[in-house]
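Q: I would like the atomic coordinates for the input below:
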Amino acid sequence: MKPPPNPHPMNDSVTTLLHAIRSKSPLVHNITNYVVMNNTANALLSIGASPVMAHAPEEVEDMVSIASSLVVNIGTLSPLWVDAMKLAMKKASGLGKPVVLDPVGAGATPYRNAVLKELLETAPPSIIRGNASEIQALHSAQSKTKGVDSTIASESAIDAARALSNTYGCITVISGAVDYIVSSDSIVEVDAGDPMMAKVTGMGCTASAILGACAAVEDDRSKAAYSGMMLMGMAGEIAAKKAHGPGSMQMHFLDALWTLGS
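A: Model (predicted):
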């Protein structure tokens, strides 16, 4: 059966980037949380990338050396993993490889905020992706979050995102009903996706992993971020037309990623 028509047909730049991922199959090194490892690995495979989940301090530098990009996700923290994240980020920065930072639950606890401060002092990320609450909390410790869920609209965090981009020389992505790709001098909107995506755990983490794959094959970080969020949104819309709830949504989402561009 063919997938339903996609209301957001891919433009040439997104199509070209997706074909590059599928032809090069970049190795994306993820230091991510227990909740989403399976989801993000399957999503990366579905778009043609090669995922690896490695978090032992003893091997992360070696893994970064052979990977095309690094994704650091602080969802389930422990001191050993924090050590591994710092080692990996420093190594990736030294090798000029893109780093995607996902500040899951930023602002929720003092420990989480302290870890993010350490990571940002270790090496500047290429792309930061979070929901509006996380982006604001990353910029200001005064912000509050509700676990990993955003309590504010994505557009409310644009000023904070721009400040982060200026400080770290990175692209900041705000996920929400409308996604914003923010650099020091530009803002691009991605209005794609479906509300049911918010009912499937780890969709934001999956977006960060896909951004890692996009950055692995596209040196222009803004283009990579835009393409990654468009791929997420388009797959979400296709999946929602077939899904009967969050369980089948997750299944159809992976299938949609697989069929994009075909």
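Q: can you give me the strands in the stretch 1-150 of the chain?
A: Shown for the stretch 1-150 of the chain, the strands assigned by DSSP state E, counting those that start in this stretch span residues 27-31, 50-53, 69-73, 99-102, 127-131.
Q: for the record, mean pLDDT for the first one?
A: Within the predicted structure, the mean pLDDT of strand 27-31 is 98.
Q: Could you export it as CSV, CA atoms only?
A: Only the C-alpha atoms of strand 27-31 are listed here, as CSV (Å, rounded to 0.1, in the frame of the first residue of the first chain):
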residue,chain,number,x,y,z
LEU,A,27,27.9,6.4,11.7
VAL,A,28,26.0,8.5,14.3
HIS,A,29,27.4,8.0,17.8
ASN,A,30,24.7,8.5,20.4
ILE,A,31,25.2,8.9,24.1
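Q: I would like the residues contacting it, please.
A: Contact with strand 27-31 is made by 37, 40-41, 44, 49-55, 60, 63-64, 66-73, 81, 84-85, 88, 209, 212-213, 216, as judged by Cβ atoms under 8 Å, 6 or more residues apart in numbering. C-beta here means a position set from N, CA and C on the backbone, and glycine is covered the same way.
Q: So which of these belong to helices?
A: Secondary structure defined by DSSP state H assigns 37, 40-41, 44, 60, 63-64, 66, 81, 84-85, 88, 209, 212-213, 216 of the contacts of strand 27-31 to helices.
Q: circling back to that earlier point, including mean neighbour count, could the strands of the stretch 1-150 of the chain go into CSV?
A: CSV is the format used below for the strands of the stretch 1-150 of the chain (neighbours: other Cβ atoms under 10 Å):
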stretch, mean neighbour count
strand 27-31, 25
strand 50-53, 18
strand 69-73, 29
strand 99-102, 30
strand 127-131, 29
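Q: Make JSON lines out of these and add distance to residue 253.
A: Compiled in JSON lines, the strands of the stretch 1-150 of the chain are given as follows (distance: least, Cβ to Cβ, whole Å):
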{"stretch": "strand 27-31", "distance to residue 253": "18"}
{"stretch": "strand 50-53", "distance to residue 253": "16"}
{"stretch": "strand 69-73", "distance to residue 253": "18"}
{"stretch": "strand 99-102", "distance to residue 253": "18"}
{"stretch": "strand 127-131", "distance to residue 253": "18"}
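Q: Perfect, I'm done here.
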